[in-house]
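K.L.:
Here's a sequence, model it:
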Amino acid sequence: MLPLLLLLFILVPIAELAVLIQIGQAIGVWWTVGLLLADAVLGSLLARSQGRAVWQRFTAAVAEGRIPHREVLDGVLVIMGGALLLTPGFITDIFGALFLLPPTRAVLRRLLVRRVTIRTIASAAPSRNGRPDDIEGTAVDVDRDPLDPPR
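P.N.:
Numbers count the residues shown, from 1 in each chain. Presented below is the predicted three-dimensional model:
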């Protein structure tokens, strides 16, 4: 967890600043600021439209009596994408767009499900002492005498 936090809070801002400086030198400061503002506005509009679409699919799934697992994951990815698009910087905007666009969101959702499945299977592996946490056994039904009192 520590390497992920290090990446998020130290390396990403440094990379964002480097990219902003490079773009600012190439196209000018005001064009860079304008591009960031336009990006944030378009990103918020995209997040709102995708959020509505996910919400409609969620309510339809609930109305049909299905478990809305796909819709919940899509909702989480849309929220994360919206947050990334509202964060100033071009690197986070690229990742935010990937989270918001339906085709790439489907790929990310599959990767997320695969990762969670692998972790779930790994957590069911034998414990530290080498033995599994659950104990296998068998049960046998025994017919009791109908004259015996219930237990």
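
K.L.:
Buried residues in stretch 27-45, which are they?
P.N.:
Applying a neighbour-count criterion of 16 or more other Cβ atoms under 10 Å, the buried positions in stretch 27-45 are 32, 36, 39, 40, 43. No exception for glycine: its C-beta is placed from N, CA and C like everyone else's.

K.L.:
The first one contacts residue 21, correct?
P.N.:
No. Contact criterion Cβ atoms under 8 Å: residue 32 and residue 21 do not qualify, at 9.1 Å.

K.L.:
The residue most central in space within the chain sits in which helix or strand?
P.N.:
Using Cα atoms, centre = their mean, the residue of the chain that lies closest to the mean C-alpha position is residue 77, 4.8 Å off. Element membership for residue 77, per DSSP states H and E: helix 69-86.

K.L.:
Export that helix to CSV, keeping only CA atoms.
P.N.:
Once non-C-alpha atoms are left out, helix 69-86 reads as follows in CSV (Å, rounded to 0.1, in the frame of the first residue of the first chain):
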residue,chain,number,x,y,z
HIS,A,69,-22.8,-6.0,-9.8
ARG,A,70,-21.7,-4.8,-13.2
GLU,A,71,-23.5,-1.5,-12.7
VAL,A,72,-22.0,-0.9,-9.3
LEU,A,73,-18.5,-1.4,-10.7
ASP,A,74,-19.3,0.9,-13.5
GLY,A,75,-20.5,3.5,-11.1
VAL,A,76,-17.3,3.3,-9.1
LEU,A,77,-15.2,3.6,-12.2
VAL,A,78,-17.3,6.6,-13.4
ILE,A,79,-16.8,8.4,-10.0
MET,A,80,-13.1,7.7,-10.1
GLY,A,81,-12.9,8.9,-13.7
GLY,A,82,-14.8,12.1,-12.9
ALA,A,83,-12.5,12.8,-10.0
LEU,A,84,-9.4,12.3,-12.2
LEU,A,85,-10.8,14.6,-14.9
LEU,A,86,-11.5,17.3,-12.4
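
K.L.:
Many thanks, I have nothing further to ask.
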